[in-house]
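Novice: need coordinates for the following:
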Amino acid sequence: MRMSRLYSVWIYGLCFTSFILLLGCAGAKLYSINMYYDAEQTAVPEYLKADVKAPGNMISVAEFTDTRQIDDRLVIGRVVEKNGESILVFPRNVRATRVISSAINHYFKKAGYRVSGKTEQWNLKESTIPEGDGKILIGGNIDDLEISCRRGFPTNSYNANIKLTIVFADMEKGKILYKRQVQSNYTQEHAVFSENILGEQASAVLADAIEKLFEDKAVAQKLKEAMTR
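Specialist: Residues are numbered from 1 along each chain as shown. All right, here's what the predicted structure looks like:
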């Protein structure tokens, strides 16, 4: 009889533990998305393209710094479910700071420039410009990044917002050359909800921000002047 009671207690304890674990897993729900930049789909303006006869010096790109005033900077957004529950959105596999640096790297490769394979670390201060392989260093801050969706019926409301500060520096002279802030916003109503669509919103707003940055001919002028010194 005693063994039977002990067995019953053991089974009860096992079931209770399993129940708690299930509750914990349910409470830990999150969404993860792929945020990427497809340089092949980008039309680089002629005034920015590298001179094919004189490709010039190398460009280095630093990993961006996330300066958003939030508790967890891995979070890049949230989804508000139909019941009002708010679920956090995280990048899948690669941090947003790396995604943005990689996007700029690929943009300049598409424009015909030589780009260093090393990702630099830089806090955007002139006194801390690192020594490296490049002539020009490009770094920046993520001032704002929010990928969100409010689920509803008959459609789901998607919104993506990004604000970046981007700085160009002369690595050889240790001087900041140019600083600019760009912002982009993208909204869409869609009947379907998925992590893939969230990722598409993030990618679209990133691509738009990078293209806006290089719409400014002053960027191209300062870049080419520095590259040919």
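Novice: got the contact list for the closest residue to residue 57 other than its chain neighbours?
Specialist: Spatial nearest neighbour of residue 57, excluding adjacent residues (CB to CB, 6 or more residues apart in numbering): residue 135 at 3.2 Å. Every residue, glycine included, has its C-beta placed from N, CA and C. By CB atoms under 8 Å, 6 or more residues apart in numbering, the contact set of residue 135 is 56, 57, 58, 59, 170, 171, 172, 226, 227.
Novice: please redo it, this time with the cut-off set to 10 Å
Specialist: Counting by CB atoms under 10 Å, 6 or more residues apart in numbering, residue 135 makes contact with 56-60, 114, 116, 170-173, 223, 226-229.
Novice: next one: residue 224
Specialist: Here residue 224 is in contact with 47, 48, 49, 50, 51, 56, 136 (criterion: CB under 10 Å, 6+ apart).
Novice: residue 188 contacts residue 155, correct?
Specialist: Yes: under the criterion of CB atoms under 10 Å, residue 188 lies in contact with residue 155, with a separation of 9.2 Å.
Novice: now the residue most central in space within the chain, nearest residue through space, not along the chain?
Specialist: The centre of the chain sits closest to residue 96, judged by CA atoms, centre = their mean, with a distance of 2.9 Å. Spatial nearest neighbour of residue 96, excluding adjacent residues (CB to CB, 6+ apart): residue 76 at 5.6 Å.
Novice: residue 222 in helix, strand or coil?
Specialist: Following DSSP: H, G, I helix; E, B strand; the rest coil, residue 222 is assigned to helix.
Novice: how long is stretch 50-64 from one end to the other?
Specialist: 24 Å (CA to CA, to the nearest Å).
Novice: in a strand, residue 169, correct?
Specialist: Yes: counting by three-state DSSP, residue 169 is found in a strand.
Novice: show me the shaky parts of the protein.
Specialist: 1-28, 52-56 (pLDDT under 70).
Novice: where along it do the strands fall?
Specialist: 31-33, 59-63, 65-66, 77-80, 86-91, 115-121, 136-150, 156-170, 175-190 (DSSP state E).
Novice: separation between the residue nearest to residue 96 and residue 143?
Specialist: 13 Å (CB to CB, to the nearest Å).
Novice: of the two, who's got more company?
Specialist: Each of residue 76 and residue 143 has its neighbours counted (other CB atoms under 10 Å); residue 76 has more, 29 against 17.
Novice: what sits against the more buried one?
Specialist: Here residue 76 is in contact with 31-33, 35, 66, 68, 70, 88-91, 95-96, 99, 142, 145-148, 160, 162, 198, 202 (criterion: CB under 10 Å, 6+ apart).
Novice: what about 6 Å?
Specialist: Counting by CB atoms under 6 Å, 6 or more residues apart in numbering, residue 76 touches 89, 91, 96, 145, 147.
Novice: on that earlier part again, mind checking the strands of the chain for the one nearest to residue 130?
Specialist: Residue 130 lies closest, by CB to CB, to one member of these: strand 115-121, at 5.3 Å.
Novice: just the C-alphas of the closest one, formatted as CSV.
Specialist: Listed next in CSV are the C-alpha coordinates belonging to strand 115-121 (Å, rounded to 0.1, in the frame of the first residue of the first chain):
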residue,chain,number,x,y,z
VAL,A,115,35.3,46.6,-49.8
SER,A,116,37.3,45.1,-46.9
GLY,A,117,36.1,41.7,-45.7
LYS,A,118,36.8,42.7,-42.1
THR,A,119,34.0,44.3,-40.1
GLU,A,120,35.4,47.1,-38.0
GLN,A,121,34.3,48.2,-34.5
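Novice: rewinding a little: and the contacts of residue 76 as TSV, adding distance to residue 184?
Specialist: Shown next, in TSV, are those (distance: CB to CB, whole Å):
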residue	distance to residue 184
89	18
91	17
96	14
145	11
147	12
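Novice: if anything else comes up later, I'll come back, but that's it for now.
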